[in-house]
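> structure, please.
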Amino acid sequence: MLIILDRDGVINEYDGNYICSADEWHPIPGSVEAVARLCNAGHRIAIATNQSGIARGYFGFDELDAMHEKLERLVEAQGGCIDFIAYCPHHPNDQCHCRKPLTGLLEQIRQHFHLDTLKGAIMVGDSRKDLEAGHAAGCQPVLVRTGNGQDTERHLDARPIPGVEVTIYDNLSKFADALLSAEGW
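Have a look, this model is predicted:
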């Protein structure tokens, strides 16, 4: 199965401030191990992440590459791998097609894996944008309560996404536990 992960707030700690360097990038406890466990169970892992800090001039492509290299090294040290990383470097006002909640990043992932559709894939995120993008692309949306997840959950209670059933877990590790034990899947 293809599992698509948002990055900030799902894999790494995120408090709403831009993460501008590998030194500032810190994994959420258990997230790297969860990615490795999913890989070791035969799942393919892709990341879809909005990174408007590039367009805003907060950091450059070299810093983003260093953050992703750190992530990949940590996952590989646990015996897993990230198969593909898609990112949107654009400002929200740029009207690009890749910035979530639009589906351009997920389309890049679909093309990378030579898939006709993303039906059957899972999109794990901490924001409404992640859930909307995943649903629009045909993925099963999953919310984690880390990062912006608790706020997103509260807002979903007040304003659900029409026609979308969202599964919610405390964190990426709890999601991996459930998926690997086949609870609800």
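> name the SS class of residue 85, please.
Here residue 85 is recorded as strand under DSSP: H, G, I helix; E, B strand; the rest coil.
> model confidence for it, exactly?
Residue 85 is assigned 98 on the pLDDT scale.
> go on, residue 185?
Note on residue 185: pLDDT of 51.
> kindly report the same for residue 152.
96.
> backbone dihedrals for it, please?
Dihedral pair for residue 152: phi -60, psi -40, per degrees, to the nearest 10.
> any idea how far it is from residue 158?
11 Å (Cβ to Cβ, to the nearest Å). The C-beta positions use only the backbone N, C-alpha and C, and glycine is treated the same way.
> looking at those two, which has the bigger crowd around it?
residue 152 (23 against 6; other Cβ atoms under 10 Å).
> the more buried one: what's it in contact with?
By Cβ atoms under 8 Å, 6 or more residues apart in numbering, the residues touching residue 152 are 126, 127, 128, 131, 143.
> run the last query once more with 7 Å
Applying Cβ atoms under 7 Å, 6 or more residues apart in numbering, one finds that residue 152 lies in contact with 126, 127, 128, 143.
> what segments of the chain are helices?
31-40, 61-77, 104-112, 128-136, 149-158, 172-180 (DSSP state H).
> residue 59 touches residue 65, doesn't it?
No. Look at residue 59 against residue 65 with Cβ atoms under 7 Å: they stay out of range, at 10.3 Å.
> neighbour-wise, which of these two wins?
residue 59 (18 against 12).
> and the more buried one, what pLDDT?
Per the predicted model, pLDDT is 98 at residue 59.
> same question, residue 163
86.
> what is the burial count for it?
Residue crowding around residue 163 was assessed by other Cβ under 10 Å; the count is 6.
> how about it, phi and psi?
Per degrees, to the nearest 10, the backbone of residue 163 is at phi 70, psi 10.
> could you list the low-pLDDT ranges of the protein?
Within the chain, the ranges that satisfy pLDDT under 70 run 183-185.
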